[in-house]
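In: Sequence first, then the predicted structure, then my questions.
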Protein chains: 2
Amino acid sequence: MISILLAEDQNMLRGALSTLLAMEDDFEVVQEVSNGEEAWEAIQNSPPDITLLDIEMPTLTGLEVLKKIREAKLPIKVIILTTFSKRHYIKDAMKHEVDGYLLKDTPSHELASNIREVIEKNKQVISPSIMNQLLFEQSNPLSEREVALLQLVEKGYTSQQIADTLFLSHGTVRNYTSEILQKLQKQNRTEAAFYARQQGWL
Amino acid sequence: MISILLAEDQNMLRGALSTLLAMEDDFEVVQEVSNGEEAWEAIQNSPPDITLLDIEMPTLTGLEVLKKIREAKLPIKVIILTTFSKRHYIKDAMKHEVDGYLLKDTPSHELASNIREVIEKNKQVISPSIMNQLLFEQSNPLSEREVALLQLVEKGYTSQQIADTLFLSHGTVRNYTSEILQKLQKQNRTEAAFYARQQGWL
DNA sequence: AAGATGAGATGACAAATGTCATATTGTCAT
DNA sequence: ATGACAATATGACATTTGTCATCTCATCTT
């Protein structure tokens, strides 16, 4: 019997998946939770064989839960299940030796077989479209500092507010902004932020 | 037997819901589609008793399909099933006499009972949180012009580009911007756009 | 017909943003 | 120790954005 913990904050999907998985004879959905903290507690109290984690959940993200599991060296398989194919999510998951990274776009009937691949054959399963993206995506040309800056630009911070937040001088913020515009070939910081967000760099 | 058409573009949710609904003895999921056009064709070819429509789908949105159904005066019940509680989505759905507007946050076990309410008792079912929102939400203080302007601001257009796009003068665009900042009590247009988007006004 | 109202324009000014050349400081490799 | 480099800062300047008072013109109202 394969015991499964399901962490997903969208009630309808969680309930439906739970029902779906429970129909498999060799699966047992032992716990269903709707946020990261509950997931982590449940994992510690009664470790399942495998956990399916959504990324964007309240309290702790799926990636944070993954990290905790690996740090505690618990012998639990982890599949990340998400809508988002953002590069840094994927990178982060890979860094912590995730066993699976599946998009919610995956047909539901493949989920069970993917779980068996992971448990029985120790395989790592990745959605094909993610693979594709990893191969062809142009990488983020922005430094961490620059990403942070653009995230504040998006919210409408003034240069001075950005400077205060990032502990930089007013002038430096404007220099960095200027750099960003060069790199991305944009005309102003708002356009740059919009573009960077589209590219999944923020 | 209640025949159901399920239109939802996220494969995993669609598959899981389909399985879930098929488990009810009095339900029959006769068709499953992943975009609006397919939904509309399927509806014309073999009309179901009820259709569950996601809003944000390729080709036609769920709301557009709803509109077509009502215009053709087909005797089909329609439940909109969506992640988004944006005011104009809800208004649009109501305008076309939708039979249900449920968030994907609804627990999955409630879905079946909601479907029966609609079919057997001719009731209209609305997610409680939506009801709440309709009651307490402060309404959009922005004019259409202002909304259009902010949508361009978001993308990083300059005042001049906005002027060209909306067929206004440079100065007028800046006057309108100034008005918006007053209304929303913000410091600059990017912040105003960010806020307005958060409020679901864009 | 006279006045009110609303969409849009103009121009002048202040503040914020973007550009650029140049400076300071710390770290790293040789 | 020296030079290369990266990160950060300064100041001067041009452009864009935001504010405000005032203007035009069409449409409504009474």
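Out: Ah, there it is. Numbering: from 1, shown residues only, chains lettered A, B, ... in the order given.

In: Those residues of chain A touching chain B, which are they?
Out: When proximity is defined as CB under 8 Å from any CB of the partner chain, chain A approaches chain B at A:10-17, A:19-20, A:23, A:81, A:83, A:104-109, A:111, A:153-158, A:186-195. The way it works is simple: take the backbone N, C-alpha and C, and place the C-beta from them, glycine included.

In: The same query, at a cut-off of 7 Å, please.
Out: Chain A comes close to chain B at residues A:10-13, A:15-17, A:19-20, A:104-109, A:111, A:153-156, A:158, A:186-188, A:190-192, A:194, as judged by CB under 7 Å from any CB of the partner chain.

In: which among those end up buried?
Out: A:10-13, A:15-17, A:19-20, A:104-106, A:108, A:111, A:153-154, A:156, A:158, A:186, A:190-192, A:194 (16 or more other CB atoms under 10 Å in any protein chain shown).

In: what sits up against stretch A:121-132?
Out: For stretch A:121-132, the surrounding residues in contact (CB atoms under 7 Å, 6 or more residues apart in numbering or on different chains) are A:S85, A:I90, A:D99, A:G100, A:Y101, A:L102, A:L103, A:T106, A:N114, A:E117, A:V118.

In: swap the cut-off to 10 Å and go again
Out: Outside stretch A:121-132, the residues within contact range by CB atoms under 10 Å, 6 or more residues apart in numbering or on different chains are A:77, A:79-82, A:85, A:87, A:89-90, A:93-94, A:97-106, A:110-111, A:113-118, A:133-134.

In: Next step: these restricted to helices.
Out: Under the assignment DSSP state H, these contribute A:87, A:89-90, A:93-94, A:110-111, A:113-118, A:133-134 to helices.

In: Tell me the buried residues within those residues.
Out: Using 16+ other CB under 10 Å as the burial test, those include A:R87, A:Y89, A:I90, A:A93, A:E110, A:L111, A:N114, A:I115, A:R116, A:E117, A:V118 as buried.

In: Please name the nearest non-neighbouring residue to A:L20.
Out: Distance criterion CB to CB, 6 or more residues apart in numbering or on different chains; nearest residue to A:L20, sequence neighbours excluded, is B:A16 at 4.7 Å.

In: got the angle between the lowest-mean-pLDDT helix or strand in chain A and helix A:87-95?
Out: The helix or strand of chain A with the lowest confidence, counting by mean pLDDT, DSSP states H and E, is helix A:128-136 at a mean of 82. Taking axes from the mean of the first three to the mean of the last three CA atoms, to 10 degrees, one finds helix A:128-136 and helix A:87-95 inclined to each other by 100 degrees.

In: from the buried ones among the ones in helices among the contacts of stretch A:121-132, which two are the most distant?
Out: Farthest pair in those (CB to CB) is A:R87 and A:R116. Separation: 28.4 Å.

In: returning to what we had before: next secondary structure element downstream of the least confident helix or strand of chain A?
Out: helix A:144-155 (DSSP states H and E).

In: In that next one, which residues are buried?
Out: Buried, per 16+ other CB under 10 Å, within helix A:144-155: A:E146, A:A148, A:L149, A:L150, A:Q151, A:L152, A:V153, A:E154.

In: what do you get for stretch A:164-181?
Out: Neighbour-count burial for stretch A:164-181 flags A:L166, A:L168, A:T172, A:V173, A:Y176, A:T177, A:I180 (criterion: 16+ other CB under 10 Å).

In: then it to CSV, C-alphas only?
Out: What follows is stretch A:164-181, C-alpha atoms only, in CSV (Å, rounded to 0.1, in the frame of the first residue of the first chain):
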residue,chain,number,x,y,z
ASP,A,164,15.4,52.9,1.3
THR,A,165,14.0,49.3,0.9
LEU,A,166,17.2,47.9,-0.7
PHE,A,167,19.6,50.0,1.4
LEU,A,168,21.0,51.8,-1.6
SER,A,169,21.3,55.4,-2.5
HIS,A,170,18.8,57.2,-4.7
GLY,A,171,21.4,57.6,-7.4
THR,A,172,22.4,54.0,-7.4
VAL,A,173,18.8,52.9,-7.9
ARG,A,174,18.6,55.1,-10.9
ASN,A,175,21.9,53.7,-12.3
TYR,A,176,20.7,50.2,-11.9
THR,A,177,17.4,51.1,-13.5
SER,A,178,19.4,52.5,-16.4
GLU,A,179,21.4,49.3,-16.7
ILE,A,180,18.2,47.2,-16.7
LEU,A,181,16.8,49.3,-19.5
